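Visitor: missing the sequence, but the structure's below:
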Ligand SMILES: C[S@@+](CC[C@H](N)C(=O)[O-])C[C@H]1O[C@@H](n2cnc3c(N)ncnc32)[C@H](O)[C@@H]1O
(Lines give C-alpha, C1' and ligand atoms only; values in the text may rest on other atoms or scores of the structure.)
Protein backbone atom coordinates (compact mmCIF):
# COMPACT_ATOMS: atom_id res chain seq x y z
CA UNK A 1 0.00 0.00 0.00
CA UNK A 2 2.86 2.38 0.94
CA UNK A 3 4.57 1.41 -2.33
CA UNK A 4 1.41 2.28 -4.25
CA UNK A 5 1.17 5.66 -2.54
CA UNK A 6 4.82 6.38 -3.29
CA UNK A 7 4.36 5.33 -6.87
CA UNK A 8 1.39 7.67 -7.29
CA UNK A 9 3.36 10.52 -5.80
CA UNK A 10 6.25 9.84 -8.17
CA UNK A 11 3.79 9.73 -11.08
CA UNK A 12 2.46 13.09 -9.96
CA UNK A 13 5.95 14.57 -9.56
CA UNK A 14 7.33 13.33 -12.89
CA UNK A 15 4.25 13.90 -15.04
CA UNK A 16 6.05 15.00 -18.20
CA UNK A 17 8.99 13.61 -20.19
CA UNK A 18 10.07 9.98 -20.17
CA UNK A 19 11.80 8.91 -16.98
CA UNK A 20 12.76 5.28 -16.47
CA UNK A 21 13.56 4.48 -12.84
CA UNK A 22 15.21 1.25 -11.74
CA UNK A 23 14.55 0.77 -8.03
CA UNK A 24 16.96 -0.86 -5.55
CA UNK A 25 15.01 -4.16 -5.76
CA UNK A 26 15.61 -4.26 -9.55
CA UNK A 27 12.04 -3.28 -10.53
CA UNK A 28 11.90 -0.80 -13.43
CA UNK A 29 9.06 1.64 -14.07
CA UNK A 30 8.41 4.52 -16.50
CA UNK A 31 7.12 7.91 -15.38
CA UNK A 32 5.90 10.87 -17.41
CA UNK A 33 3.90 11.34 -20.58
CA UNK A 34 6.47 9.61 -22.78
CA UNK A 35 7.56 12.82 -24.51
CA UNK A 36 11.19 13.48 -25.38
CA UNK A 37 14.25 11.28 -24.94
CA UNK A 38 14.13 8.56 -22.32
CA UNK A 39 16.26 9.36 -19.28
CA UNK A 40 17.18 6.25 -17.29
CA UNK A 41 18.17 6.50 -13.63
CA UNK A 42 18.95 3.85 -11.05
CA UNK A 43 18.27 4.37 -7.36
CA UNK A 44 20.67 2.49 -5.07
CA UNK A 45 19.08 3.34 -1.73
CA UNK A 46 15.73 2.06 -0.40
CA UNK A 47 14.87 5.35 1.31
CA UNK A 48 15.40 7.42 -1.84
CA UNK A 49 11.89 7.22 -3.43
CA UNK A 50 10.39 8.47 -0.16
CA UNK A 51 12.98 11.25 0.17
CA UNK A 52 12.43 12.32 -3.45
CA UNK A 53 8.70 12.84 -3.03
CA UNK A 54 9.16 14.69 0.27
CA UNK A 55 12.00 17.00 -0.79
CA UNK A 56 12.84 16.37 -4.45
CA UNK A 57 15.44 19.08 -4.85
CA UNK A 58 17.55 18.09 -1.84
CA UNK A 59 17.12 14.33 -2.23
CA UNK A 60 18.06 14.23 -5.90
CA UNK A 61 21.06 16.54 -5.46
CA UNK A 62 22.48 14.65 -2.47
CA UNK A 63 21.88 11.24 -4.03
CA UNK A 64 23.69 12.27 -7.22
CA UNK A 65 26.66 13.58 -5.22
CA UNK A 66 26.87 10.36 -3.19
CA UNK A 67 26.43 8.02 -6.16
CA UNK A 68 23.14 6.73 -4.68
CA UNK A 69 21.42 7.92 -7.85
CA UNK A 70 23.17 7.12 -11.12
CA UNK A 71 22.14 8.14 -14.61
CA UNK A 72 22.64 6.11 -17.79
CA UNK A 73 25.59 7.59 -19.73
CA UNK A 74 25.86 10.10 -16.85
CA UNK A 75 23.37 12.23 -18.83
CA UNK A 76 23.02 14.86 -16.12
CA UNK A 77 21.78 17.48 -18.59
CA UNK A 78 18.96 15.17 -19.71
CA UNK A 79 17.98 14.18 -16.18
CA UNK A 80 18.15 17.66 -14.65
CA UNK A 81 16.25 19.16 -17.59
CA UNK A 82 13.44 16.69 -16.96
CA UNK A 83 13.63 17.08 -13.17
CA UNK A 84 13.69 20.90 -13.21
CA UNK A 85 10.70 21.12 -15.55
CA UNK A 86 8.71 18.69 -13.43
CA UNK A 87 9.71 19.97 -10.00
CA UNK A 88 8.84 23.53 -11.09
CA UNK A 89 5.38 22.35 -12.17
CA UNK A 90 4.59 19.62 -9.65
CA UNK A 91 7.06 20.03 -6.82
CA UNK A 92 4.50 21.31 -4.35
CA UNK A 93 2.00 18.46 -3.82
CA UNK A 94 -0.82 18.87 -1.31
CA UNK A 95 1.09 17.33 1.59
CA UNK A 96 3.86 19.92 1.27
CA UNK A 97 1.48 22.90 1.20
CA UNK A 98 1.23 23.30 4.99
CA UNK A 99 4.99 23.83 4.88
CA UNK A 100 4.31 26.87 2.73
CA UNK A 101 2.73 28.56 5.73
CA UNK A 102 6.09 28.62 7.42
CA UNK A 103 7.85 29.55 4.21
CA UNK A 104 8.20 33.26 4.91
CA UNK A 105 9.51 32.62 8.41
CA UNK A 106 11.98 30.01 7.14
CA UNK A 107 13.06 32.31 4.35
CA UNK A 108 13.77 35.19 6.70
CA UNK A 109 15.82 32.97 9.00
CA UNK A 110 17.82 31.47 6.12
CA UNK A 111 18.53 34.90 4.68
CA UNK A 112 19.36 36.64 7.91
CA UNK A 113 22.90 37.69 7.03
CA UNK A 114 24.39 39.89 9.75
CA UNK A 115 28.08 40.64 9.29
CA UNK A 116 29.61 37.55 10.96
CA UNK A 117 27.27 35.19 9.20
CA UNK A 118 27.74 36.94 5.85
CA UNK A 119 31.50 36.39 6.22
CA UNK A 120 31.06 32.67 6.97
CA UNK A 121 28.65 32.26 4.04
CA UNK A 122 31.09 33.92 1.67
CA UNK A 123 34.03 31.85 2.95
CA UNK A 124 32.05 28.64 2.30
CA UNK A 125 32.11 29.36 -1.42
CA UNK A 126 34.78 31.88 -2.34
CA UNK A 127 37.56 30.69 -0.08
CA UNK A 128 37.73 27.34 -1.85
CA UNK A 129 41.06 26.79 -3.56
CA UNK A 130 41.83 29.52 -6.09
CA UNK A 131 43.06 26.72 -8.34
CA UNK A 132 39.47 25.44 -8.60
CA UNK A 133 38.29 28.74 -10.05
CA UNK A 134 41.10 28.69 -12.61
CA UNK A 135 39.65 25.45 -13.95
CA UNK A 136 36.44 27.01 -15.22
CA UNK A 137 36.45 30.83 -15.12
CA UNK A 138 37.94 33.13 -17.75
CA UNK A 139 41.46 34.51 -17.34
CA UNK A 140 40.13 37.63 -15.53
CA UNK A 141 38.21 35.44 -13.04
CA UNK A 142 34.85 37.07 -13.71
CA UNK A 143 32.38 35.17 -11.56
CA UNK A 144 29.15 36.64 -12.92
CA UNK A 145 27.08 36.63 -16.09
CA UNK A 146 28.96 37.41 -19.31
CA UNK A 147 27.36 39.47 -22.09
CA UNK A 148 27.21 37.66 -25.42
CA UNK A 149 26.73 40.71 -27.61
CA UNK A 150 27.58 38.61 -30.65
CA UNK A 151 26.69 34.95 -31.00
CA UNK A 152 29.71 32.63 -30.75
CA UNK A 153 31.74 35.08 -28.69
CA UNK A 154 34.41 33.43 -26.57
CA UNK A 155 33.87 33.54 -22.81
CA UNK A 156 36.81 35.96 -22.51
CA UNK A 157 35.28 38.34 -25.08
CA UNK A 158 31.81 38.11 -23.52
CA UNK A 159 33.16 38.85 -20.04
CA UNK A 160 35.01 41.82 -21.46
CA UNK A 161 31.78 42.98 -23.16
CA UNK A 162 30.00 42.72 -19.78
CA UNK A 163 32.58 44.95 -18.09
CA UNK A 164 32.47 47.51 -20.94
CA UNK A 165 28.65 47.61 -21.00
CA UNK A 166 28.59 48.25 -17.26
CA UNK A 167 31.38 50.85 -17.51
CA UNK A 168 29.40 52.63 -20.25
CA UNK A 169 26.33 52.71 -17.99
CA UNK A 170 28.43 54.23 -15.23
CA UNK A 171 29.61 57.12 -17.46
CA UNK A 172 32.97 57.21 -15.72
CA UNK A 173 35.28 60.18 -16.16
CA UNK A 174 39.00 60.05 -15.27
CA UNK A 175 39.64 60.70 -11.59
CA UNK A 176 36.16 59.65 -10.44
CA UNK A 177 35.97 57.66 -7.21
CA UNK A 178 34.33 54.31 -7.86
CA UNK A 179 33.22 51.80 -5.23
CA UNK A 180 32.89 48.13 -6.24
CA UNK A 181 30.71 46.27 -3.70
CA UNK A 182 31.53 42.55 -3.92
CA UNK A 183 34.63 43.00 -6.07
CA UNK A 184 35.56 39.32 -6.47
CA UNK A 185 39.14 38.89 -7.66
CA UNK A 186 39.28 42.53 -8.75
CA UNK A 187 38.71 42.24 -12.51
CA UNK A 188 36.09 44.98 -12.79
CA UNK A 189 37.99 47.40 -10.53
CA UNK A 190 41.24 46.88 -12.42
CA UNK A 191 39.50 47.45 -15.76
CA UNK A 192 37.88 50.67 -14.51
CA UNK A 193 41.20 51.94 -13.13
CA UNK A 194 43.30 50.97 -16.16
CA UNK A 195 40.96 51.80 -19.05
CA UNK A 196 38.68 54.50 -17.61
CA UNK A 197 41.02 56.36 -15.25
CA UNK A 198 38.89 55.65 -12.16
CA UNK A 199 40.13 55.64 -8.55
CA UNK A 200 38.68 52.36 -7.33
CA UNK A 201 37.94 50.88 -3.92
CA UNK A 202 36.68 47.29 -4.06
CA UNK A 203 35.33 45.35 -1.07
CA UNK A 204 34.95 41.61 -0.65
CA UNK A 205 34.46 39.26 2.30
CA UNK A 206 36.71 36.57 0.83
CA UNK A 207 40.30 36.41 2.06
CA UNK A 208 41.40 34.58 -1.10
CA UNK A 209 39.84 37.22 -3.35
CA UNK A 210 41.17 40.10 -1.30
CA UNK A 211 44.76 38.83 -1.43
CA UNK A 212 44.61 38.08 -5.14
CA UNK A 213 42.90 41.36 -6.12
CA UNK A 214 45.62 43.42 -4.40
CA UNK A 215 48.39 41.24 -5.85
CA UNK A 216 46.94 41.75 -9.33
CA UNK A 217 46.76 45.53 -8.79
CA UNK A 218 50.41 45.49 -7.71
CA UNK A 219 51.49 43.40 -10.71
CA UNK A 220 49.60 45.65 -13.13
CA UNK A 221 51.17 48.79 -11.65
CA UNK A 222 47.70 49.94 -10.58
CA UNK A 223 48.10 49.73 -6.81
CA UNK A 224 47.81 53.53 -6.52
CA UNK A 225 44.54 53.55 -8.47
CA UNK A 226 42.76 50.35 -7.42
CA UNK A 227 42.63 49.26 -3.79
CA UNK A 228 40.80 46.26 -2.37
CA UNK A 229 39.65 45.82 1.22
CA UNK A 230 38.45 42.79 3.15
CA UNK A 231 35.31 44.41 4.47
CA UNK A 232 31.56 44.06 4.75
CA UNK A 233 29.83 46.68 2.60
CA UNK A 234 27.94 47.86 5.70
CA UNK A 235 31.18 49.11 7.27
CA UNK A 236 32.07 51.45 4.42
CA UNK A 237 32.45 55.17 4.98
CA UNK A 238 32.65 58.21 2.71
CA UNK A 239 31.02 58.89 -0.63
CA UNK A 240 31.80 57.84 -4.19
CA UNK A 241 30.97 59.26 -7.62
CA UNK A 242 30.01 55.83 -8.87
CA UNK A 243 29.02 52.52 -7.28
CA UNK A 244 29.09 49.20 -9.07
CA UNK A 245 27.99 45.87 -7.61
CA UNK A 246 28.02 42.78 -9.80
CA UNK A 247 26.73 39.40 -8.67
CA UNK A 248 26.79 40.38 -4.99
CA UNK A 249 23.13 41.27 -4.32
CA UNK A 250 22.32 37.53 -4.47
CA UNK A 251 24.14 37.24 -1.10
CA UNK A 252 22.27 40.06 0.64
CA UNK A 253 19.00 38.37 1.65
CA UNK A 254 15.54 39.95 1.59
CA UNK A 255 15.60 41.05 5.26
CA UNK A 256 18.61 43.22 4.36
CA UNK A 257 17.42 44.78 1.08
CA UNK A 258 16.48 48.09 2.73
CA UNK A 259 19.86 48.16 4.48
CA UNK A 260 21.67 47.42 1.19
CA UNK A 261 19.99 50.18 -0.84
CA UNK A 262 20.23 52.61 2.11
CA UNK A 263 23.98 51.96 2.13
CA UNK A 264 24.21 52.50 -1.64
CA UNK A 265 22.34 55.79 -1.25
CA UNK A 266 24.50 56.94 1.66
CA UNK A 267 27.75 56.09 -0.14
CA UNK A 268 26.73 57.67 -3.47
CA UNK A 269 27.37 61.34 -4.27
CA UNK A 270 24.13 63.34 -4.89
CA UNK A 271 24.86 63.43 -8.63
CA UNK A 272 26.23 59.90 -8.69
CA UNK A 273 25.28 56.77 -10.63
CA UNK A 274 25.06 53.22 -9.30
CA UNK A 275 24.83 50.05 -11.34
CA UNK A 276 23.54 46.97 -9.51
CA UNK A 277 23.75 43.76 -11.52
CA UNK A 278 22.06 40.69 -10.02
CA UNK A 279 20.46 37.41 -10.93
CA UNK A 280 16.68 37.78 -10.77
CA UNK A 281 13.56 35.67 -11.02
CA UNK A 282 10.94 36.64 -13.63
CA UNK A 283 8.26 35.58 -11.15
CA UNK A 284 6.86 36.63 -7.78
CA UNK A 285 9.02 36.07 -4.67
CA UNK A 286 10.07 32.46 -4.16
CA UNK A 287 12.49 30.33 -2.19
CA UNK A 288 16.11 29.27 -2.61
CA UNK A 289 16.66 25.66 -3.60
CA UNK A 290 17.47 23.91 -0.30
CA UNK A 291 20.30 21.98 -2.02
CA UNK A 292 21.89 25.20 -3.32
CA UNK A 293 21.51 26.83 0.11
CA UNK A 294 23.17 23.89 1.88
CA UNK A 295 26.01 23.08 -0.50
CA UNK A 296 26.70 26.06 -2.74
CA UNK A 297 25.46 29.46 -1.56
CA UNK A 298 24.38 29.52 2.10
CA UNK A 299 22.30 32.60 2.83
CA UNK A 300 21.77 33.26 -0.88
CA UNK A 301 18.53 34.27 -2.57
CA UNK A 302 17.53 35.31 -6.09
CA UNK A 303 15.21 38.34 -5.91
CA UNK A 304 12.12 39.06 -7.92
CA UNK A 305 11.94 42.53 -9.46
CA UNK A 306 9.20 43.62 -7.03
CA UNK A 307 11.31 42.76 -3.99
CA UNK A 308 14.29 44.77 -5.19
CA UNK A 309 12.22 47.74 -6.41
CA UNK A 310 10.40 48.09 -3.11
CA UNK A 311 13.68 48.87 -1.36
CA UNK A 312 14.98 50.98 -4.27
CA UNK A 313 11.87 53.18 -4.11
CA UNK A 314 12.24 53.71 -0.36
CA UNK A 315 15.56 55.44 -1.04
CA UNK A 316 13.92 57.71 -3.63
CA UNK A 317 16.34 56.58 -6.29
CA UNK A 318 15.39 57.18 -9.90
CA UNK A 319 15.80 53.92 -11.76
CA UNK A 320 17.32 55.62 -14.79
CA UNK A 321 17.55 52.31 -16.63
CA UNK A 322 16.56 48.73 -15.95
CA UNK A 323 17.81 46.08 -18.33
CA UNK A 324 17.05 42.38 -18.30
CA UNK A 325 19.46 39.84 -19.73
CA UNK A 326 17.81 36.52 -20.48
CA UNK A 327 19.92 33.62 -21.74
CA UNK A 328 23.35 35.19 -21.24
CA UNK A 329 23.89 33.43 -17.92
CA UNK A 330 22.86 30.07 -19.38
CA UNK A 331 25.59 30.53 -22.00
CA UNK A 332 28.10 31.63 -19.38
CA UNK A 333 27.36 28.57 -17.26
CA UNK A 334 27.66 26.28 -20.28
CA UNK A 335 31.16 27.67 -20.88
CA UNK A 336 32.04 27.20 -17.20
CA UNK A 337 30.76 23.61 -17.26
CA UNK A 338 32.63 22.72 -20.44
CA UNK A 339 35.87 24.17 -19.08
CA UNK A 340 35.38 22.40 -15.75
CA UNK A 341 34.84 19.05 -17.47
CA UNK A 342 37.83 19.60 -19.75
CA UNK A 343 39.87 20.01 -16.55
CA UNK A 344 38.15 17.33 -14.50
CA UNK A 345 41.38 15.45 -13.80
CA UNK A 346 42.88 18.58 -12.29
CA UNK A 347 39.70 19.10 -10.25
CA UNK A 348 40.01 15.52 -8.95
CA UNK A 349 43.55 16.28 -7.85
CA UNK A 350 42.19 19.16 -5.74
CA UNK A 351 38.94 17.72 -4.38
CA UNK A 352 37.32 14.31 -3.92
CA UNK A 353 34.88 12.70 -6.31
CA UNK A 354 31.84 13.78 -4.28
CA UNK A 355 32.91 17.43 -4.49
CA UNK A 356 33.53 17.17 -8.25
CA UNK A 357 30.08 15.63 -8.79
CA UNK A 358 28.56 18.36 -6.62
CA UNK A 359 30.29 21.11 -8.65
CA UNK A 360 29.18 19.69 -11.97
CA UNK A 361 25.63 19.31 -10.64
CA UNK A 362 25.69 22.96 -9.48
CA UNK A 363 26.87 24.29 -12.85
CA UNK A 364 24.32 22.28 -14.84
CA UNK A 365 21.41 22.90 -12.46
CA UNK A 366 22.05 26.65 -12.58
CA UNK A 367 22.40 26.68 -16.38
CA UNK A 368 19.11 24.84 -16.76
CA UNK A 369 17.37 27.13 -14.28
CA UNK A 370 18.22 30.03 -16.61
CA UNK A 371 17.19 28.06 -19.70
CA UNK A 372 14.00 26.45 -18.40
CA UNK A 373 12.89 28.10 -15.19
CA UNK A 374 12.57 31.83 -15.85
CA UNK A 375 15.74 33.00 -14.16
CA UNK A 376 17.28 36.17 -15.65
CA UNK A 377 19.72 38.97 -14.80
CA UNK A 378 18.61 42.45 -13.72
CA UNK A 379 20.77 45.53 -14.19
CA UNK A 380 19.49 48.48 -12.18
CA UNK A 381 21.05 51.82 -13.06
CA UNK A 382 20.17 54.18 -10.21
CA UNK A 383 20.72 57.82 -9.44
CA UNK A 384 19.29 60.34 -6.99
CA UNK A 385 19.42 62.87 -9.84
CA UNK A 386 17.02 62.89 -12.76
CA UNK A 387 19.45 63.94 -15.50
CA UNK A 388 22.57 62.12 -14.31
CA UNK A 389 22.46 60.02 -17.47
CA UNK A 390 21.48 60.97 -21.07
CA UNK A 391 17.81 60.94 -22.00
CA UNK A 392 18.08 58.07 -24.46
CA UNK A 393 20.04 54.84 -24.53
CA UNK A 394 22.07 55.91 -27.58
CA UNK A 395 25.16 56.55 -25.45
CA UNK A 396 25.37 52.81 -24.80
CA UNK A 397 25.43 51.96 -28.46
CA UNK A 398 27.55 54.77 -29.88
CA UNK A 399 29.77 52.36 -31.80
CA UNK A 400 26.73 50.56 -33.21
CA UNK A 401 25.08 53.87 -34.19
CA UNK A 402 28.31 55.01 -35.91
CA UNK A 403 28.56 51.71 -37.76
CA UNK A 404 24.94 52.08 -38.95
CA UNK A 405 25.56 55.67 -40.12
CA UNK A 406 28.66 54.49 -41.92
CA UNK A 407 26.74 51.73 -43.66
CA UNK A 408 24.01 54.19 -44.73
CA UNK A 409 26.50 56.67 -46.30
C1 LIG B 1 29.61 36.12 -7.32
S2 LIG B 1 30.90 37.05 -6.56
C3 LIG B 1 31.01 38.34 -7.76
C4 LIG B 1 32.38 38.91 -7.85
C5 LIG B 1 32.60 39.95 -8.93
N6 LIG B 1 31.78 41.12 -8.75
C7 LIG B 1 32.43 39.35 -10.31
O8 LIG B 1 31.51 39.76 -11.01
O9 LIG B 1 33.22 38.51 -10.68
C10 LIG B 1 30.15 37.81 -5.14
C11 LIG B 1 31.03 38.75 -4.36
O12 LIG B 1 30.26 39.40 -3.33
C13 LIG B 1 31.06 39.50 -2.17
N14 LIG B 1 30.20 39.71 -1.00
C15 LIG B 1 29.15 38.97 -0.58
N16 LIG B 1 28.61 39.48 0.54
C17 LIG B 1 29.34 40.60 0.83
C18 LIG B 1 29.27 41.58 1.87
N19 LIG B 1 28.36 41.51 2.85
N20 LIG B 1 30.17 42.59 1.86
C21 LIG B 1 31.11 42.68 0.88
N22 LIG B 1 31.21 41.78 -0.14
C23 LIG B 1 30.34 40.76 -0.15
C24 LIG B 1 31.84 38.20 -2.17
O25 LIG B 1 32.94 38.28 -1.29
C26 LIG B 1 32.21 38.11 -3.65
O27 LIG B 1 33.36 38.88 -3.89
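Guide: All right, it came through fine. Nothing here was measured: the structure is a model prediction, and the numbers come from that model.
Visitor: Close to the ligand: what parts of the stretch 201-350 of the chain are there?
Guide: Contact residues (Cβ under 6 Å from any ligand atom) of the stretch 201-350 of the chain with the ligand: 203, 204, 205, 206, 209, 232, 233, 246, 247, 248, 251. Where C-beta positions appear, they are placed from N, C-alpha and C, glycine not excepted.
Visitor: Looking at these, which are in strands?
Guide: Residues of those located in strands (DSSP state E): 203, 204, 246.
Visitor: Can I get the residues of the stretch 201-350 of the chain next to the ligand in CSV including pLDDT, distance to residue 61 and neighbour count?
Guide: Putting these into CSV (pLDDT from 0 to 100; distance: Cβ to Cβ, whole Å; neighbours: other Cβ atoms under 10 Å) gives the following:
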residue, pLDDT, distance to residue 61, neighbour count
203, 98, 32, 24
204, 97, 27, 26
205, 96, 25, 22
206, 95, 24, 21
209, 96, 26, 25
232, 97, 30, 19
233, 97, 30, 23
246, 98, 27, 25
247, 98, 22, 18
248, 98, 24, 23
251, 97, 20, 24
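Visitor: As a check, name the ranges of all helices in the stretch 251-400 of the chain.
Guide: Ranges of helices in the stretch 251-400 of the chain, per DSSP state H, counting those that start in this stretch, are 257-267, 290-291, 305-314, 328-342, 344-350, 353-372, 398-408.
Visitor: Tell me which other helices or strands the shortest one touches.
Guide: Using 3 or more Cβ pairs under 8 Å, 6 or more residues apart in numbering; DSSP states H and E as the contact test, the elements touching helix 290-291 are helix 56-66.
Visitor: what are the pairing partners of the helix or strand just after the helix it packs on, and which direction each?
Guide: Moving toward the C-terminus from helix 56-66, the next helix or strand (DSSP states H and E) is strand 69-71. If you go by DSSP bridges, strand 69-71 pairs up with strand 38-43 (antiparallel).
Visitor: Near residue 118, how many other residues are there?
Guide: Neighbour count of residue 118, defined by other Cβ atoms under 10 Å: 21.
Visitor: gap between the host helix or strand of it and the chain center?
Guide: Assigned by DSSP H and E, residue 118 belongs to helix 115-126. Taking the mean of its C-alpha atoms, helix 115-126 sits 16 Å from the chain's own mean (Cα atoms, centre = their mean, to the nearest Å).
Visitor: So which residues make contact with it?
Guide: 113, 184, 204-209, 232, 234-235, 251, 296-300 (Cβ atoms under 8 Å, 6 or more residues apart in numbering).
Visitor: that older thread, go through the helices of the stretch 251-400 of the chain and find the least confident stretch.
Guide: Looking at these, the lowest mean pLDDT belongs to helix 398-408 (a mean of 67).
Visitor: need the helix or strand of this structure with the lowest average pLDDT.
Guide: Lowest on mean pLDDT, DSSP states H and E among the helices and strands of the chain sits helix 97-101, with a mean of 58.
Visitor: near the ligand at all, the helix holding residue 118?
Guide: Yes: Helix 115-126 comes into contact with the ligand (Cβ under 6 Å from any ligand atom), by way of 118, 122, 126.
Visitor: Tell me which residues touch the closest residue to residue 51 other than its chain neighbours, please.
Guide: Excluding the flanking residues, the one nearest residue 51 by Cβ to Cβ, 6 or more residues apart in numbering is residue 59, at 3.7 Å. Taking Cβ under 8 Å, 6+ apart, we find residue 59 in contact with 48, 51, 52.
Visitor: tell me, which of those make contact with the ligand?
Guide: Within the contacts of residue 59, nothing lies near the ligand by Cβ under 6 Å from any ligand atom.
Visitor: could you dump those to TSV with pLDDT, neighbour count and secondary structure?
Guide: Shown next, in TSV, are the contacts of residue 59 (pLDDT from 0 to 100; neighbours: other Cβ atoms under 10 Å; DSSP: H, G, I helix; E, B strand; the rest coil):
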residue	pLDDT	neighbour count	secondary structure
48	96	19	helix
51	94	17	helix
52	94	24	helix
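Visitor: other SSEs contacting the lengthiest strand in the chain?
Guide: Criterion DSSP E: the longest strand present in the chain is strand 268-281. Strand 268-281 sits against helix 155-170, strand 240-246, helix 305-314, strand 375-383, with contacts defined as 3+ Cβ pairs under 8 Å, 6+ apart.
Visitor: deepest of the ones you listed, which one?
Guide: Across those, the average number of neighbours (mean count of other Cβ atoms under 10 Å) peaks for strand 240-246, which reaches a mean of 24.
Visitor: Taking helix 257-267 as reference, get the angle to that strand.
Guide: 150 degrees (axes from the mean of the first three to the mean of the last three Cα atoms, to 10 degrees).
Visitor: Adjacent strands (with direction) for strand 240-246?
Guide: strand 177-181 (parallel), strand 268-281 (parallel).
Visitor: Tell me which of those strands is the most buried.
Guide: strand 177-181 (a mean of 24).
Visitor: What mean pLDDT does that strand get?
Guide: The model assigns strand 177-181 a mean pLDDT of 98.
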